[in-house]
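Student: Sharing a sequence plus its predicted fold:
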Amino acid sequence: MSDEKLMRLDMGTLDSSVHSDRPTLCLGIESSCDETSAAVVDSDKNILSHIIYSQIPEHQKYGGVVPELAARAHILAVDNVINQALDKAGKTIDDIDVIAATAGPGLIGGVLVGWMAATGIAQSLKKPLVAVNHLEGHALVPRLCATLADGTNGNVNIEFPYLLMLASGGHCQILLVRGVGKYELIGQTLDDSAGEAFDKVSKMLGLGYPGGPIVDKRAQNGNPRAFAFPRPLCDKPNCDFSFSGIKTAARTFLDRANAPLTDEYIDDFCASFQASVVDCIINRLTNALKDSRVLEASPKTLVVAGGVAKNTAIRSAMEKLAQKNKMIFAAPPLNLCTDNGAMIAWAGLENFLIGNVVREPIAPRPRWPLTEL
């Protein structure tokens, strides 16, 4: 079997491992970047525990994630994080019905740590194991818990299909989510992701890492028209993104500044940069809503997920776009936007309940597009 192939197994041989008198319990493990996380989630959409060990302090001085340091930190943290998740849930490992872990995409050193931990637990206890695509974790987590435009927060029924804006430090895609494992790519970045652009602009300004929350906060006090940032591809009919030109413009503006940067300058700079990113996202989503595939599917919900989904301006603009198109707007609560074990546990449950489990050894993948599920 190819090490690039994930195998699926019919549920028939696994029914005896699930208790019919209670919800199915899943332990989810996430280690694809700079968070070591584990959570216990049940099939009734209850998050029984959710533990995240963030490595941000270790990486801040480098202005970004150092893969080798991240992998070592995952090794040191993973056992403790799993045990904390079980303890907080009031469960033992024997109570868990399904083990799920990120098998890609991500920094391969970190992915291997979480995946090997999950594999060891599953094999030693003869528990079913689900290989979760990290991006699918982001894509499905709003079905576990979401915030709606009216302020409703919690277990909401987001039905398939829905239109998803998936934006993080490594990815920026518009996807038509038809079901578990059924994703149609409508548009994607041709260069940098939105999250990467935020991080790099923050680094240029000397504001620190991670850049997204810092830029968002500074932008709230600034003038979004102070700098004429470009809106790449916004005059094109397709749904693809490009953020490298915005980043280049940022560097050019700063090189011309030729003086110490005042707080007002930085606030205006962040507001103008953020406004350009938001305009690009809304322009591309507007095109996506006119795409023949989206029109045919007629999704009722517009969803944003991934780390960039924490951005207040992006959430607000997408909410208005949804209202304009008579759609429901939904986003994960802020604590489930960034990488976390709860989203992996939920994606594990969604896959397990339709029979998608591992039956042969697999190799984790640093690249694993959703369209290959």
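Tutor: On my side now, so go ahead. These numbers were taken from a predicted model, which means no experiment stands behind them.
Student: Now do the helices in the stretch 51-200 of the chain.
Tutor: 56-60, 67-89, 108-125, 134-144, 194-204 (DSSP state H, counting those that start in this stretch).
Student: Tell me which residues of the second one come out buried.
Tutor: Right, the one you point to is helix 67-89. 70-75, 77-78, 81-82, 84-86, 89 (16 or more other Cβ atoms under 10 Å). For every residue, glycine as well, the C-beta is placed using N, CA and C.
Student: again, but for stretch 146-155
Tutor: In stretch 146-155, counting by 16+ other Cβ under 10 Å, buried: 146-149.
Student: Tell me which of the residues you listed fall in strands.
Tutor: Among those, DSSP state E puts 146-148 in strands.
Student: thinking again about what came up before, wait, which of the helices of the stretch 51-200 of the chain is closest to I266?
Tutor: Among these, helix 194-204 comes nearest to I266, with 10.1 Å by Cβ to Cβ.
Student: Who are the packing partners of that closest one?
Tutor: Helix 194-204 is packed against helix 211-219, helix 244-257, helix 263-288, with contacts defined by 3 or more Cβ pairs under 8 Å, 6 or more residues apart in numbering; DSSP states H and E.
Student: 6 Å instead, please
Tutor: helix 211-219, helix 244-257 (3 or more Cβ pairs under 6 Å, 6 or more residues apart in numbering; DSSP states H and E).
Student: related to what we said a few turns ago, indicate which one of the helices of the stretch 51-200 of the chain is closest to A305.
Tutor: Comparing those by Cβ to Cβ, helix 134-144 comes nearest, at 4.5 Å.
Student: How far does stretch 228-243 sit from its chain's centre?
Tutor: 23 Å (Cα atoms, centre = their mean, to the nearest Å).
Student: which of the helices and strands packed on helix 194-204 is buried the deepest?
Tutor: Highest mean neighbour count among these (mean count of other Cβ atoms under 10 Å): helix 211-219, with a mean of 21.
Student: Let me know the angle separating that helix from helix 194-204.
Tutor: 70 degrees (axes from the mean of the first three to the mean of the last three Cα atoms, to 10 degrees).
Student: Average pLDDT for helix 211-219, rounded please.
Tutor: Helix 211-219 carries an average pLDDT of 96.
Student: In JSON lines: the helices and strands packed on helix 194-204, plus distance to V201.
Tutor: Shown next, in JSON lines, are the helices and strands packed on helix 194-204 (distance: least, Cβ to Cβ, whole Å):
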{"stretch": "helix 211-219", "distance to V201": "6"}
{"stretch": "helix 244-257", "distance to V201": "5"}
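Student: that older thread, so which of the helices of the stretch 51-200 of the chain is nearest D279?
Tutor: helix 194-204 (12.0 Å).
Student: Residues contacting the closest one, please?
Tutor: 63, 167-169, 172, 211-212, 214-215, 243, 246-247, 250, 254, 273, 277, 307-308 (Cβ atoms under 6 Å, 6 or more residues apart in numbering).
Student: which stretches of the protein aren't confidently modelled?
Tutor: Within the chain, the segments meeting pLDDT under 70 span 1-20, 154.
Student: Distance to S292 for the buried residues of helix 67-89 - can I get that in JSON lines?
Tutor: JSON lines is the format used below for these (distance: Cβ to Cβ, whole Å):
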{"residue": "A70", "distance to S292": "41"}
{"residue": "A71", "distance to S292": "44"}
{"residue": "R72", "distance to S292": "48"}
{"residue": "A73", "distance to S292": "46"}
{"residue": "H74", "distance to S292": "43"}
{"residue": "I75", "distance to S292": "48"}
{"residue": "A77", "distance to S292": "47"}
{"residue": "V78", "distance to S292": "45"}
{"residue": "V81", "distance to S292": "45"}
{"residue": "I82", "distance to S292": "46"}
{"residue": "Q84", "distance to S292": "48"}
{"residue": "A85", "distance to S292": "44"}
{"residue": "L86", "distance to S292": "48"}
{"residue": "A89", "distance to S292": "45"}
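Student: burial of the closest residue to A146 other than its chain neighbours, as a residue count?
Tutor: Using Cβ to Cβ, 6 or more residues apart in numbering and skipping the chain neighbours, the partner closest in space to A146 is A330 (4.4 Å). Residues lying near A330 (other Cβ atoms under 10 Å) number 24.
Student: doesn't A330 fall inside a helix?
Tutor: No: A330: not assigned to a helix; according to DSSP: H, G, I helix; E, B strand; the rest coil it is strand.
Student: E319: what secondary structure?
Tutor: helix.
Student: what about it, distance to N153?
Tutor: Relative to N153, E319 is positioned 14 Å away (Cβ to Cβ, to the nearest Å).
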